[in-house]
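J.: Sequence and predicted structure are below.
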Amino acid sequence: MGILQILIVIAIVVLLVKPLGSYVYHVYSNEPNRTDRIFGWSERLIYRLIGLKNRDGMTWRKYAVSFLLTNFVLVAIGYVILRIQQVLPLNPNETGGMEQTLSFNTIISFITNTNLQHYSGETGLSYFSQMAVIMMMMFTSAATGFSVAIAFIRGITGKGATLGNFFEDFVKSHTRIFIPAAVIVTLLLVALKVPQTLDPTLTVTTLEGAVQHIAIGPVASLESIKHLGTNGGGFFGANSAHPFENPSALTNVIEMLSMWLLPACLPYVYGRFAKNKKQGWVVFSAMMTLFLVFLSLIYFSELRGNPAINAMGIDASQGSMEGKEVRFGIPQSSLFSAVTTAATTGTVDNMHDTLTPLGGLGTLAQMMLNVVFGGKGVGLINMLMYAILGVFLCGLMVGRTPEFLGRKIEPKEMKLIAIAILVHPFIILAPTAIAFLTDLGQGAISNPGSHGITQVLYEYTSSAANNGSGFEGLADNTPFWNLTTGLVMLLGRYVSMIAMLAVAGSLLRKKTVPETIGTFRTDNGLFYGILIGTVLIIGALTFLPSIVLGPIAEHLKLG
Amino acid sequence: MNDTVSRPSSSGGPIFTVALRAGIVFIILCGILYPLAMTGIAQLFLPHNANGSLIKDASGTTVGSELIGQTFTDRKYFQSRVSSIEYKAEASGSNNYAPSNPDMLQRTKDSIGDWAEQNPDVPVSKLPIDLITNSGSGLDPHITPESAEVQVPRISKLTGIPEEQLRQLVDKHTEGRDLGVFGERRVNVLKLNIDLQTLLH
């Protein structure tokens, strides 16, 4: 039953890639279609409200400036709200204002779609902050990422003369994707018992006569966009392990599909833009292959359990249940962990710190590679970056000018891609080393031995990949961690986005090279192999030493 | 950057204005209107769910939420899983112990020791792992049916209720997988104990 329920969820995703991908393609193709009649009026209203007079295409620079400025405005307003939430409305539990480095970290965390949380929702945020900052950024950061990914696709496929208009993409992402989907998923979740109220914390007398306070709030409306936008920040500290956020296996499946479907359909969208659907399926297959490898690693490792506990003579046939919920068991927990680190959501339905060493390695590796589906658009951008790198390497080996989708790949693009590929390991490994060298960093480690190394490595990997899950034992709400992870999240998000927009802008200006018999094809089985190979070689070369010191050492010690 | 832009306004000023107005519009739309509308609809059509699925005992008194676990200190009741926060639901979470953490291993050994003392009729090899491990949320309302079964002899001895009757109670409260396939079979400890309390009186 364990493997069957996992396969059913994967099958649903595979079956929905095409219909959903077609819908997303029509949203951004800017060709007239039926959905205009349903959504057109609301978009025209918003264009008027924001003063968008014309929707001309933008150069990559203008596109980048537009999305950066929009994000900047949201950051500025959001920061102020967090700092003064105690005087704002909808604060029935009388939560105080947030400390400044924590506010900095939180605001960066949510605008970068990371949702690393150094606060606990029950005690750190008023309902107004949960709504006007957290939920709002869950929409807007997802829409920003999606828009940039679409602009990148337009650039490299050469569809249209420009990358498109950021504000138009941004508005349409809301009106045609995120808001309608969030409304449907919210109501589904409430029907399945997720609370949605503005009442303060409940107080009840338990069966044994003790007093129990139960934190509650507008949970469902956050829960839906948290997954749809691959955000991952929980309403409560325990995130989707909390029974109010995720009361049953059915809500667990809905939450997994919510975060997985949009990233999974993006390769297909890319294929449609490239007018070569096989291109899209090659990328999708490469992602799915890597996903299945890491999912298996997590599932079988958790099912095998913790050798140290298994040796105590109890009935441990369920697997490693520390940090997991009974209603999910190993299959629903493992699949959730695999999906959340693949889609860089960062929501958790079990505690990743408590995962067995190899299970934890599976989650860590997906964030290190950062190409397995990925969050709103980022995974696809990274995967295409590796595709271009793969083409370049193959070109060098056989002495051909490398081409991708009919455009020559030249030093300028390769330099930008090299920056984007190298920045990821750099902003993971350098801060990890700094944290170990200082007492400020070391002091936060809560689990002794090799696992402590993994805790720190995981924190920065999660920040850089804009995932946001954590090995949460780490005592990370200190100025040191708030500031360093804040910077890593910023760099992890914006450096690669800007570099990739520049690549797209540069490719867009190039003339198309006619396809000949000598053209290296990027839509066949061979390229699928090259793509996976490139990802694994680069990933292994960069991260293997740190993985050996952390999870692998712990695994060998546990036996 | 002016090669494709004909407006003279591309110097950055108007983009900032649009960005500012877009920021405000989306804060109101996504951050205020959307959650308030959702709350309104949920409260109107599904008030029980929207307000935390509260549950009453036989006498009609509210005794908690069916979704949130509770501590049962009296050994006459079915016990819940380990919770480092003792099911204090104003917060949530666990110690986040690594599988190699010596404190966690010691805690587990102690739990097994306590268990063996309180349940001398059931061999330790039958003790399911979920009962002596900390859930992720610290608020897990469920245990596995097996974890309920192994508590039956103890409860029968302490209360005088026949084991057979207790087993029927556990069976009655055993919930299957969602849609027959998703998740695990489980028993809601609070619901089970509410019925047990009725038997006790």
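T.: Received, thanks. Residues are numbered from 1 along each chain as shown, chains lettered A, B, ... in the order given.
J.: quick one, what contacts the residue sitting nearest the centre point of chain B?
T.: Nearest to the geometric centre of chain B sits residue B:140, at 3.4 Å (Cα atoms, centre = their mean). Going by Cβ atoms under 8 Å, 6 or more residues apart in numbering or on different chains, residue B:140 touches A:243, A:325, A:326, A:327, B:69, B:80, B:81, B:83. Bear in mind the C-beta positions are built from the backbone N, C-alpha and C, glycine included.
J.: Between which two of those is the distance greatest?
T.: A:327 and B:83 (15.3 Å; Cβ to Cβ).
J.: who's more crowded, these two?
T.: residue A:327 (30 against 20; other Cβ atoms under 10 Å in any protein chain shown).
J.: Surely that one is in contact with residue A:250?
T.: No: taking Cβ atoms under 8 Å as the definition, residue A:327 is not a contact partner of residue A:250, at 9.8 Å.
J.: shared neighbours of those two, anything?
T.: residue B:183.
J.: burial of residue 149, as a residue count?
T.: No chain was given, so I picked chain A. What residue A:149 shows, counting by other Cβ under 10 Å, is a neighbour count of 27.
J.: Hmm, no, I was thinking of chain B.
T.: That count, for residue B:149 with other Cβ under 10 Å as the rule, works out to 20.
J.: Who are the contact partners of it?
T.: B:167, B:170.
J.: Can you tell me how far it is from residue B:78?
T.: Applying Cβ to Cβ, to the nearest Å, the value for residue B:149 to residue B:78 is 10 Å.
J.: Next, give phi and psi for the nearest residue to residue A:158 once chain neighbours are set aside.
T.: Nearest non-adjacent residue to residue A:158, counting by Cβ to Cβ, 6 or more residues apart in numbering or on different chains: residue A:508, 6.3 Å away. Per-residue torsions, residue A:508: phi -60, psi -30 (degrees, to the nearest 10).
J.: again with residue A:214
T.: The phi/psi pair for residue A:214 (degrees, to the nearest 10) is phi -120, psi 110.
J.: cool, residue A:202 as well?
T.: phi -80, psi 150.
J.: Helix or strand: which one has the residue of the stretch 351-500 of chain A found nearest chain B?
T.: Nearest to chain B in the stretch 351-500 of chain A, going by Cβ to the nearest Cβ, is residue A:473, at a distance of 3.3 Å. Under the assignment given by DSSP states H and E, residue A:473 is not contained in any helix or strand.
J.: Is it in contact with residue A:446, as I believe?
T.: Yes: at 3.8 Å, residue A:473 counts as touching residue A:446 under the criterion of Cβ under 8 Å.
J.: the more surrounded of the two?
T.: For residue A:473 versus residue A:446, the count of surrounding residues by other Cβ under 10 Å is larger for residue A:473: 24 against 21.
J.: Tell me the spacing between the more buried one and residue A:241.
T.: When residue A:473 is compared with residue A:241 (using Cβ to Cβ), they lie 14 Å apart.
J.: next one: residue B:198
T.: If you go by Cβ to Cβ, the gap between residue B:198 and residue A:241 works out to 31 Å.
J.: neighbour count winner among these two?
T.: Neighbours around residue B:198 and residue A:241, counted as other Cβ under 10 Å, are more numerous at residue A:241. The numbers are 30 against 12.
J.: you'd agree the more buried one is up against residue A:327?
T.: No: counting by Cβ under 8 Å, residue A:241 stays clear of residue A:327, with 10.2 Å between them.
J.: Contacts for the helix or strand containing residue A:168 next, please.
T.: If you go by DSSP H and E, residue A:168 is part of helix A:166-172. Helix A:166-172 is contacted from outside by A:27-28, A:30, A:39, A:43, A:46-47, A:50, A:52, A:55, A:58, A:62-63, A:66-67, A:70, A:140, A:143-144, A:146-147, A:150-151, B:18, B:22, using Cβ under 8 Å, 6+ apart.
J.: Look up how far residue A:452 lies from the closest residue to residue B:109 other than its chain neighbours.
T.: In this structure, residue B:109 finds its nearest non-sequential neighbour in residue A:312, 6.6 Å apart by Cβ to Cβ, 6+ apart. Distance, residue A:312 to residue A:452, using Cβ to Cβ: 24 Å.
J.: More neighbours: the two, which one.
T.: The neighbour comparison of residue A:312 against residue A:452 (other Cβ under 10 Å) goes to residue A:452, with 22 against 17.
J.: Check the average confidence over stretch A:443-462, would you?
T.: Here stretch A:443-462 scores 93 as its mean pLDDT.
J.: likewise stretch A:62-76?
T.: Stretch A:62-76 comes out at a mean pLDDT of 96.
J.: With stretch A:156-174 instead?
T.: 90.
J.: Would you mark the buried spots in that stretch?
T.: Buried residues in stretch A:156-174, defined by neighbour count with 16 or more other Cβ atoms under 10 Å in any protein chain shown: A:156-159, A:162-174.
J.: What is the end-to-end distance of that stretch?
T.: 24 Å (Cα to Cα, to the nearest Å).
J.: quick one: contacts of stretch B:165-184?
T.: In contact with stretch B:165-184 (Cβ under 8 Å, 6+ apart) are residues A:1, A:4-5, A:8, A:248-250, A:252-253, A:326-329, A:332, B:144-145, B:148-149, B:152, B:155-156, B:185-188, B:191-192, B:195-196, B:199.
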